[in-house]
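> Pasting the sequence and the predicted coordinates here, then a few questions.
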Protein chains: 2
Amino acid sequence: MKSELERPLILITNDDGADAKGIAVLTELMTQIGDVVVVAPDGPRSAQSNALTVTHPIRFKLLEEKEGLVRYSCTGTPTDCVKLALNEIFDTQPDIIVSGINHGSNSAINVIYSGTMGAVLEGCENGILSIGFSLCDYSLNADFSSFEPFILQITREALKNGLPHATCLNVNAPMGEIMGVRVVRQCDGRWTKEFEKRTDPHGRAYYWLTGSFENHEPISEDTDEWALEHGFVSVVPTKIDLTAHQAISTIQKWKL
Amino acid sequence: MKSELERPLILITNDDGADAKGIAVLTELMTQIGDVVVVAPDGPRSAQSNALTVTHPIRFKLLEEKEGLVRYSCTGTPTDCVKLALNEIFDTQPDIIVSGINHGSNSAINVIYSGTMGAVLEGCENGILSIGFSLCDYSLNADFSSFEPFILQITREALKNGLPHATCLNVNAPMGEIMGVRVVRQCDGRWTKEFEKRTDPHGRAYYWLTGSFENHEPISEDTDEWALEHGFVSVVPTKIDLTAHQAISTIQKWKL
């Protein structure tokens, strides 16, 4: 057990909102490791990606304050929460940012839509060790218990070893029993059949987002989708440099 | 000049909304190249990243239909616009998606916040040639004229050469005279001093997002920021695989 002075300062956020079960579980786990500040959206902000609130101002509100734990809610997106925490709430930078536990998968291409991972990318941009945790179960009352020891171990290893520059972690867990951990890459794939068309009482069409994920490499064992389908926690090192470096020399040959 | 049958089908969207000057300019340019369908947000959606509308349904509305040009507005985000266009509006996939012209820079880390680039990443996920165009001028009445010949040339070269799998382009232009084009990488940096705190008439604090960009590698000539500061159009090949591939073997050594 570390002494009081050695306890890391941990920022927690999510995209399911401050009252979600997933963030309550993550908060309980993190208080075993360090001093915790929660700054989470005041309601659901799923699929908010790295969206920022620019057309109106945001606020935050103290929810709870006790030894080793302070909790705030914020009217903005998950990325806003991290920005507001780092700029206005913290006097010193946190040692680590953890986001989640998300109710639902953020594997494969979902990483670009995820509010959970938006917050993680934001932490990463600011040079802070950042990890997103997600469970492949969308239900409000999801059972996170199998995932819990893995969350503790991954967080402790991250604090001990650090991460390369501009790199964060996208951690997903399958439902039910967990076979172990695989450090893998983002699986290639896309969403299809994405809308359910309905007609309102006035005869006008409206569209609900839905859809199914089409895995483009189902037998590749080094992907997050494969790991999850086979009962493993997937850990994908994720970066904020979106440059396709290998394409630069090709495009430099264009007539521009 | 290509024959009528050979004209490519072009989808245009943006994040400044269907009535922005930038999309009007881009639409006029693209009608010189092919048949155009515009599906753009019905109002400003800046900094919406890859956000999706999941808590309520969305709609679209026909604005204009004439030879070679159909325009719709949509109640969703830029990414929603692309999804809705591909799933519900187009019978066949477009040959190319162009997004913008954004009023403001989407260089460096801005790519992760940008609604303009959110739409481009969405097109890329769907295997469609996709390009985002942005001008480093936030004003509503920005002058896009110097940028226009470069937009035409880049689009024509992209249609001719294609792009590698899961790769799209993030194209930014400086204000004023343009010296040429540089194919470069995303510059490393972050936003700082991000909020302006104000007090409402009831004595409560609220926060406006603002801030300034801190360039972490100002003398690196192979970055988008360097190109833009020196009067060049920056072309960054951009990918939707966020995996930090080089970090996988390092993290596989952790005790997990």
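Sure thing, it's come through. Numbering: from 1, shown residues only, chains lettered A, B, ... in the order given.
> how about low-confidence regions in the stretch 1-150 of chain A?
Residue ranges of the stretch 1-150 of chain A with pLDDT under 70: A:1-5.
> and it, which residues reach chain B?
A:44, A:46-55, A:57-60, A:77, A:79-80, A:83-84, A:87-88, A:109, A:111-113, A:118, A:121, A:125-127, A:150 (CB under 8 Å from any CB of the partner chain). Backbone N, C-alpha and C define where each C-beta goes, glycine included.
> Buried ones only from these, please, as a ChimeraX command.
In ChimeraX syntax, the buried subset of the residues of the stretch 1-150 of chain A next to chain B is picked out as below (16 or more other CB atoms under 10 Å in any protein chain shown):
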select /A:44,46,47,48,49,50,51,52,53,54,57,58,60,77,79,80,83,84,87,109,111,112,113,118,121,125,126,150
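> Next, check the residues of the stretch 1-150 of chain A next to chain B against the helices and list the overlap.
A:79-80, A:83-84, A:118, A:121, A:125, A:150 (DSSP state H).
> Let me know the closest of those residues to residue A:233.
residue A:150 (5.1 Å; CB to CB).
> what's the neighbour count on the nearest residue to that closest one once chain neighbours are set aside?
Distances taken as CB to CB, 6 or more residues apart in numbering or on different chains put residue A:233 closest to residue A:150, at 5.1 Å, once the chain neighbours are dropped. Residue A:233 has 27 neighbours, counted by other CB atoms under 10 Å in any protein chain shown.
> Kindly indicate whether residue A:233 is helix, strand or coil.
Three-state assignment for residue A:233 (DSSP: H, G, I helix; E, B strand; the rest coil): strand.
> so it makes contact with residue A:227?
Yes - using CB atoms under 8 Å, residue A:233 makes contact with residue A:227 at a distance of 7.3 Å.
> what sits in contact with each of these two?
residue A:182 (CB atoms under 8 Å, 6 or more residues apart in numbering or on different chains).
> what about the closest residue in space to residue A:256 that isn't next to it in sequence, which helix or strand?
Ranked by CB to CB, 6+ apart and with sequence neighbours excluded, the top spatial neighbour of residue A:256 is residue B:181, at 4.0 Å. Applying DSSP states H and E as the criterion places residue B:181 in strand B:180-183.
> Name the residues of that strand that are buried.
Buried, per 16+ other CB under 10 Å, within strand B:180-183: B:181-183.
> For that strand, enumerate its sheet partners and note whether each is parallel or antiparallel.
Partner strands and pairing direction for strand B:180-183 (DSSP bridges) are strand B:232-239 (parallel).
> Grab the nearest non-local neighbour of residue A:9.
Residue A:9's closest residue in space is residue A:94 (CB to CB, 6+ apart), at 4.6 Å.
> Please name the residues that touch that neighbour.
A:8-11, A:37, A:85-86, A:128.
> Can you flag the buried ones in the residues you listed?
A:8, A:10-11, A:37, A:85-86, A:128.
> which among these gets closest to chain B?
residue A:86 (8.1 Å; CB to the nearest CB).
> wait, that closest one sits on residue A:127?
No - Residue A:86 is beyond contact range of residue A:127, at 10.3 Å (criterion: CB under 8 Å).
> any common contacting residues for these two?
By CB under 8 Å, 6+ apart, residue A:86 and residue A:127 have these common neighbours: residue A:93.
> Quick check: phi and psi at the closest residue in space to residue A:128 that isn't next to it in sequence.
Leaving aside its chain neighbours, residue A:128 sits nearest to residue A:97 (5.4 Å; criterion: CB to CB, 6+ apart). The phi/psi pair for residue A:97 (degrees, to the nearest 10) reads phi -120, psi 130.
> isn't residue A:97 right up against residue A:121?
No - counting by CB under 8 Å, residue A:97 does not reach residue A:121; the two are 10.3 Å apart.
> and for these two, which residues touch both?
residue A:130.
> can I get the buried residues of strand B:180-183 in a markdown table with distance to residue A:174?
Below are the buried residues of strand B:180-183 laid out as a markdown table (distance: CB to CB, whole Å):
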| residue | distance to residue A:174 |
| --- | --- |
| B:181 | 46 |
| B:182 | 45 |
| B:183 | 41 |
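> Now flag whichever of those residues is closest to residue B:247.
Distances from residue B:247 to those, taken by CB to CB, are shortest for residue B:183, at 25.5 Å.
> OK, contacts around the closest one?
Shown in contact with residue B:183 (CB under 8 Å, 6+ apart): A:248, A:251-252, A:254, A:256, B:235-237.
> measure it to residue A:244 for me?
Using CB to CB, to the nearest Å, residue B:183 is found at 11 Å from residue A:244.
> Show me whatever sits in contact with both of these two.
Common neighbours of residue B:183 and residue A:244 (CB under 8 Å, 6+ apart) are residue B:237.
> Return the alpha-carbon coordinates of stretch A:24-35 using PDB.
C-alpha atoms of stretch A:24-35 as PDB (Å, rounded to 0.1, in the frame of the first residue of the first chain):
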ATOM      1  CA  ALA A  24     -19.800   4.100 -10.100                       C
ATOM      2  CA  VAL A  25     -18.000   0.800 -10.400                       C
ATOM      3  CA  LEU A  26     -14.900   2.500 -11.900                       C
ATOM      4  CA  THR A  27     -14.900   5.100  -9.100                       C
ATOM      5  CA  GLU A  28     -15.000   2.400  -6.400                       C
ATOM      6  CA  LEU A  29     -12.100   0.600  -8.100                       C
ATOM      7  CA  MET A  30     -10.000   3.700  -8.500                       C
ATOM      8  CA  THR A  31     -10.300   4.700  -4.900                       C
ATOM      9  CA  GLN A  32      -8.400   1.500  -4.100                       C
ATOM     10  CA  ILE A  33      -5.500   3.000  -6.100                       C
ATOM     11  CA  GLY A  34      -5.400   6.700  -5.600                       C
ATOM     12  CA  ASP A  35      -7.200  10.000  -4.900                       C
END
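> Surely residue A:91 is within a helix?
No - looking at residue A:91 with three-state DSSP, it is coil, so not inside a helix.
> ok, now how distant is the residue nearest to residue A:9 from residue A:113?
25 Å.
> Also residue A:222?
Applying CB to CB to residue A:222 and residue A:113 gives a distance of 23 Å.
> for the strand holding residue B:181, what is the average pLDDT?
The average of the pLDDT scores along strand B:180-183 is 98.
> Dump the C-alpha coordinates for whatever helix or strand comes next after it into PDB.
As assigned by DSSP H and E, the chain's next helix or strand after strand B:180-183 is strand B:189-192. The C-alpha trace of strand B:189-192 is given here as PDB (Å, rounded to 0.1, in the frame of the first residue of the first chain):
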ATOM      1  CA  GLY B 189       0.600  20.100 -30.300                       C
ATOM      2  CA  ARG B 190      -2.300  20.900 -28.000                       C
ATOM      3  CA  TRP B 191      -4.800  23.500 -27.000                       C
ATOM      4  CA  THR B 192      -4.200  25.500 -23.800                       C
END
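> So which bits of strand B:189-192 are buried?
Under the neighbour-count criterion of 16+ other CB under 10 Å, strand B:189-192 has B:189-191 buried.
> Looking at these, which is nearest chain A?
residue B:190 (4.9 Å).
> if we can go back for a sec, which of the contacts of residue B:183 has the weakest pLDDT?
residue A:256 (94).
> residue contacts, that one?
Residue A:256 is in contact with B:150, B:153-154, B:157, B:180-181, B:183, B:235, counting by CB under 8 Å, 6+ apart.
> Among the residues you listed, which one lies nearest to residue A:206?
The closest of the contacts of residue A:256, once distances to residue A:206 are taken by CB to CB, is residue B:154, at 36.4 Å.
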